[in-house]
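Novice: I need the structure of the sequence given here:
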Amino acid sequence: MQQIQMLTVMMLRLVIYAPILGLGGVFKVFHTNVSMSWIIALAVALILCVVIVLFVVAMPKFKMLQNLVDKLNLVTREILTGLTVIRAF
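Specialist: Numbering: from 1, shown residues only. A predicted model of the protein is given here:
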């Protein structure tokens, strides 16, 4: 139950609160000092580039790791189902 609560709180923070806060900050900067808008645009572009690079680097490794975990689970399942057969003999 606690994990579900933590998931709900994290999702509310990431999906609702963070974008509203970010958009509000950008809106406030544009109304306060328009000459700073290039700094905000540069920061957003850099953050997007970092996220894309991390995604491109991490996704193949994640897929490879997931295949290894699937193979490990298959072997473990075979061993566990084989134990009952051995015990029966």
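
Novice: center of the chain - which residue?
Specialist: By CA atoms, centre = their mean, the chain has its centre lying nearest to F55, at 9.3 Å.

Novice: A41 versus that one, what's the distance?
Specialist: Using CB to CB, to the nearest Å, F55 is found at 21 Å from A41. Bear in mind the C-beta positions are built from the backbone N, C-alpha and C, glycine included.

Novice: Likewise for A58?
Specialist: Taking CB to CB, one finds A58 at 26 Å from A41.

Novice: Over to E78?
Specialist: Remark: distance between E78 and A41 (CB to CB) = 55 Å.

Novice: residues near the nearest residue to V26 once chain neighbours are set aside, how many?
Specialist: Take V26 and drop its neighbours on the chain: the residue closest to it by CB to CB, 6 or more residues apart in numbering is I40, 5.7 Å away. Number of residues near I40 (other CB atoms under 10 Å) recorded here: 13.
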